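[1] The following comprises the amino acid sequence and a computationally predicted model.
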Protein chains: 2
Amino acid sequence: MGPWEQYTSEAFQTLFREVQRFTRYVYILHVLSWDQETYMPPGATEARARQISTLASLVHQEASSPRIGELLAQAEADAQAQGWGPDSDAVGFLREFRRRYDRMTKVPVEWVQAFSKLTSEAQVAWRQARAENNFARFAPYLERIVAMRREYAQFFAPYDHIYDPLLDEFEPGMKTAEVQTVFQQLREEQVRLIQAIRERPQVPNAFLYRAFAVEKQRAFVRDLLAHIGFDFHRGRIDESAHPFTTSFSIYDVRLTIRTAETDFFRQALYSGLHEMGHGLYIQGVDPAYDETPLMGGASLGVHESQSRLWENLVGRSRAFITWLYPRLEQTFPGTLADVSPEDLYRGINRVEPSYIRIEADEVTYNLHIMLRFELEIALLEGTLRVQDLPQAWNERMQAYLGLTPPDDAHGVLQDIHWSQGAFGYFPTYALGNVMGVQIWERMTQDVPDAYEQIQAGRFQDVLGWLQAHIYRVGAKYPPKELLQRVTGQSLQPKPYLDYLWRKYRDIYGLTA
Amino acid sequence: MGPWEQYTSEAFQTLFREVQRFTRYVYILHVLSWDQETYMPPGATEARARQISTLASLVHQEASSPRIGELLAQAEADAQAQGWGPDSDAVGFLREFRRRYDRMTKVPVEWVQAFSKLTSEAQVAWRQARAENNFARFAPYLERIVAMRREYAQFFAPYDHIYDPLLDEFEPGMKTAEVQTVFQQLREEQVRLIQAIRERPQVPNAFLYRAFAVEKQRAFVRDLLAHIGFDFHRGRIDESAHPFTTSFSIYDVRLTIRTAETDFFRQALYSGLHEMGHGLYIQGVDPAYDETPLMGGASLGVHESQSRLWENLVGRSRAFITWLYPRLEQTFPGTLADVSPEDLYRGINRVEPSYIRIEADEVTYNLHIMLRFELEIALLEGTLRVQDLPQAWNERMQAYLGLTPPDDAHGVLQDIHWSQGAFGYFPTYALGNVMGVQIWERMTQDVPDAYEQIQAGRFQDVLGWLQAHIYRVGAKYPPKELLQRVTGQSLQPKPYLDYLWRKYRDIYGLTA
């Protein structure tokens, strides 16, 4: 008997089969998008957009139908009547599908269509605005997006804060007030840390931008990921303009990186480790959850906790770089001959405030996120006008990072996300950083010699622990419950801040 | 006003939009299959099969619904009442969609499902049978496939010959008797030509299997196809185990080749030219036909006429090879230093009977096809039992090519097609060869210096003529009508046979 057949509710079984069917369509949509970003010829842009839009409409129409709502309600009633346990897969399935169903049905189709049209146009306007360095061109679209996002929040009223329904889409159950509390502590400490680092001599890192042959970069990253445990029998790595991870089932997980001859470390190696973190998560989900809402991670924040864990806590550790160094020497003989493993470790971890989020180091990254989070809230609360956004952006950049962008293209116009209507999404990056350290510290109670193992090139205990405690359960538990179950704690910034201070005190010789 | 809005029938306009929608799903199915053959990791096989099967069921269900049948009948009535011209796009649309609709609805869903299950199992059995060189393992499946194909023909009764409904699927309007007449003439002449060649000294071609660096092969083929006129803005070339062409709209045409260091000419260069012929055809279809049944070629035979035209009439011509030679020298310096352009031309066109169809040269290829066609007919007529098939195969191989396969893996078990249930498909290859020469000869009336142009590396007049006369009209006319319109002739084997004799008399110094 398969794991799902034990739930003897006709409504549940019918719903389950229907959900499997929609989920296959969703996977197919992922194939279409993956191809679009990797191999699709440029002339196919409009044809592909029509294909995606046609299939996405079908999914929405079928998945949000009243019939599905009735099956869901009946299955929930059956679960209650039959006393299915709170830890059962079926209860997780119903909770997560209920959340998605309500999201789909609470928002009128007309709103979705109007928003989709607006954000299509807004993305075109944003591209022009950024190219021309002219915020005014984008501003009218952003005003309408903010107005529509305010409308959107109303569909989920009542709420404690207008930002809650937006945040909840990406981080189920998380409240704006909780994020504000955590961010408050992060901000103070991280600004203080950045200031302390700024007073110390900078570590050199120019050697990172030496020439590394692109073909060798590809093979190196592929071999590294395979060695760590990414399963290439159930996955691939390709290239795209912006690295991403997607999946078409737990049997088909696709990562992308970029390659540039003189930017090996950021664009290929550390992007590869970051995306691998997402990929290991998906590959580790219980196979019984494939084609269900439990496939994938608990939330964007938990997902990001894993990509950042592999990228930073593993990949930017002294242990890892010490192990990696001779492998680099072997693949790229002589390129780093005058650079010691310790030089490499320090260079890779150099802290340097910059204008651009996606180029930010581990210490400054969260401040880029907090700035966006605070501006999003102010826009939604109506305490900040879109026309004043560039000035507010620049003031905060100065306050947090001590920098003022030379122009809006390097400031408020740098990210595509707002033009896509994504509000509530950015904070998950910083939440992921924080959760990642909490999870790592809990893991080291069971694997106390994790860094010794990593320095010896052994990753199976770390990966095995994460698989058993995080990856395997997929989206069965809401993210806050998962964190509590795994670490015994709620979201806490302290472990993350302690980690940062410990690591950078050492690298920069801070006395504080 | 778009080209389709002029047809003021509500039924037609509704049908048109519905067909556009299904066609997008069909294009999406092509994306899924392309990815499966090119980049998909092996672990995803079953997950992908579920995705394809789910979407294919949806397309079948929607496209064959009674509502679509009613819209189609009403649109046909409106076309008649309003007197839409026989050359109008809408009449072509209705004719081609009627053909497809009838195909879908005349065959019961239960038969389709049973056949799909049978052929899935039969492909597994065929793979095992071929690996073990044991026809008996495959025979019971083939018996059931033949029995089901006989049933299938009944759904289209009455017919002149039981093979007609099968052939009609791939070559609409073509009758078994017509193919038999044409093949009769081809067989006699081609067997005679092969015997004449066999009496002459063989031309050397070992130099074709020298080492050509794979990366350079890829770049060479890509540049060559771009030079000839394949539009890489609306297409790509990738690699797969078996070369093929597919498309996801006229804006996205995907070719594949194989690469092997010591088999450049067959696997990369001539496969590339062959697939390019299919690709040029699709890229040349009237953009107004995209997402309609008129997109794509008039038939498999007409499609193959174009792949074979570019591969053989262009690519294996003395003019082309003379032009190509210095380009090869430039990319692969020294590799062919001791081979003259004339040696290369003769080597590329070496005739050598072999067991395997896909390795066959221009002269022996059709005999591989005729053998299969005759055996398919005998199986369907019931005059040949499956258990006697290997012997019948070997006898015909001896009669046509003077060879007896060493075992069934090199004989009756070599092709996957019968295990997939594809009966009626093989003859289109030989029909394509014949039509290709008829079309080429008509073209040379308008472009008399075609070969001089090719020898100078100019392809635009040849391509432009084919675009204007064949590619642009897509599937607007049935294949026989298209051939008649373009060449003023019905299907005639004589031009093809004259071409073969002329070309090979010269290469082999035949006196006949």
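    Nice, thanks for sending it over.
[2] A:F93 and chain B: what is the separation?
    18 Å (CB to the nearest CB, to the nearest Å). Every C-beta, even on glycine, is put in place using the N, C-alpha and C of the backbone.
[3] What helix or strand is that residue located in?
    Assigning secondary structure by DSSP states H and E places A:F93 in helix A:89-106.
[4] which residues touch that helix?
    A:3-4, A:7, A:12, A:15-16, A:19, A:60, A:63-64, A:68-69, A:72, A:75-76, A:79, A:84-85, A:155-156, A:169, A:172, A:288-289, A:292-294, A:475-478 (CB atoms under 8 Å, 6 or more residues apart in numbering or on different chains).
[5] Next secondary structure after that helix?
    Heading C-terminal from helix A:89-106, the first helix or strand you meet, by DSSP H and E, is helix A:109-132.
[6] buried ones in that next one?
    Within helix A:109-132, the residues scored as buried using 16 or more other CB atoms under 10 Å in any protein chain shown are A:F115, A:L118, A:T119, A:A122, A:Q123, A:A125, A:W126, A:A129, A:R130.
[7] List the residues that contact whatever residue of the stretch 401-512 of chain A ends up closest to chain B.
    With CB to the nearest CB, the shortest gap between the stretch 401-512 of chain A and chain B falls at A:G474, namely 15.8 Å. Contacts for A:G474 were tallied using CB under 8 Å, 6+ apart; they are A:V285, A:D286, A:Y289, A:L294, A:M295, A:G296, A:G297, A:A298.
[8] For the residues you listed, which PyMOL command selects only the ones that are buried?
    To isolate the buried ones among these in PyMOL, judged by 16+ other CB under 10 Å, type:
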select buried, chain A and resi 285+286+289+294+295+296+297+298
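[9] And the contacts of A:G474, which is closest to chain B?
    Of all these, chain B sits closest to A:M295, with 11.0 Å by CB to the nearest CB.
[10] My read is that that closest one contacts A:V285, right?
    Yes - the criterion here is CB atoms under 8 Å, and A:M295 meets it with A:V285 at 5.6 Å.
[11] hey, where'd the strands end up in chain A?
    Here chain A has its strands, by DSSP state E, at A:235-239, A:245-247, A:253-257.
[12] hmm, back to that, residues shared between the contacts of A:M295 and A:V285?
    Common neighbours of A:M295 and A:V285 (CB under 8 Å, 6+ apart) are A:I250, A:G474.
[13] ok, A:H242 - contacts?
    Contacts of A:H242 by CB under 8 Å, 6+ apart are A:E37, A:T256, A:R258.
[14] which non-adjacent residue is nearest the last one?
    Closest residue in space to A:R258, ignoring its immediate chain neighbours: A:Q267 at 4.2 Å, by CB to CB, 6 or more residues apart in numbering or on different chains.
[15] what residues are up against that neighbour?
    A:P243, A:I257, A:R258, A:T259, A:A260.
[16] From chain B, how far out is the spatially most central residue of chain A?
    In chain A, the residue lying closest to the centroid (CA atoms, centre = their mean) is A:E304, at 4.0 Å. According to CB to the nearest CB, A:E304 and chain B sit 24 Å apart.
[17] isn't that residue right next to A:Y425, touching?
    No - contact criterion CB under 8 Å: A:E304 and A:Y425 do not qualify, at 10.5 Å.
[18] Mind pulling up the pLDDT for A:P243?
    We note a pLDDT of 93 for A:P243 in this prediction.
[19] Dihedrals phi and psi, it?
    phi -60, psi 140 (degrees, to the nearest 10).
[20] Make sure it is actually in contact with A:G277.
    No - taking contacts as CB under 8 Å, A:P243 lies outside contact range of A:G277: 11.7 Å.
[21] In terms of neighbours, single out the busier of these two.
    A:G277 (29 against 21; other CB atoms under 10 Å in any protein chain shown).
[22] so who does the residue lying closest to A:T38 once chain neighbours are set aside touch?
    Using CB to CB, 6+ apart and skipping residues adjacent in sequence, the residue nearest A:T38 is A:D238, 4.7 Å away. By CB under 8 Å, 6+ apart, the contact set of A:D238 is A:T38, A:Y39, A:R254, A:L255, A:T256, B:Y39.
[23] List the beta-bridge partners for A:D238.
    A:T256 (DSSP bridges).
[24] Quick check, pLDDT for it.
    Looking at A:D238, the pLDDT reads 98.
[25] which residues of the stretch 201-350 of chain A fall in helices?
    A:214-228, A:271-283, A:300-308, A:318-331, A:341-348 (DSSP state H, counting those that start in this stretch).
[26] Verify the contact between A:M435 and A:S305 for me.
    Yes - the criterion here is CB under 8 Å, and A:M435 meets it with A:S305 at 3.9 Å.
[27] Need the max-distance pair from the buried residues of helix A:109-132.
    Based on CB to CB, the longest span within those runs between A:F115 and A:R130 and measures 21.4 Å.
[28] Give me the residue ranges of the stretch 1-150 of chain A where confidence is low.
    Along the stretch 1-150 of chain A, segments meeting pLDDT under 70 span A:1.
[29] Could you pick out the residues of it near chain B for me?
    A:21, A:24-25, A:27-28, A:31-32, A:35, A:39-44, A:46-48, A:50-51, A:54-55, A:58 (CB under 8 Å from any CB of the partner chain).
[30] let's see it at 7 Å
    A:21, A:24, A:27-28, A:31-32, A:35, A:39-44, A:47, A:50-51, A:54-55 (CB under 7 Å from any CB of the partner chain).
[31] Can I get the buried part of those residues as one ChimeraX selection?
    Buried subset of these, written as a ChimeraX selection, criterion 16+ other CB under 10 Å:
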select /A:21,24,27,28,31,32,35,39,40,41,43,44,47,50,51,54,55
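[32] No more questions from me, cheers.
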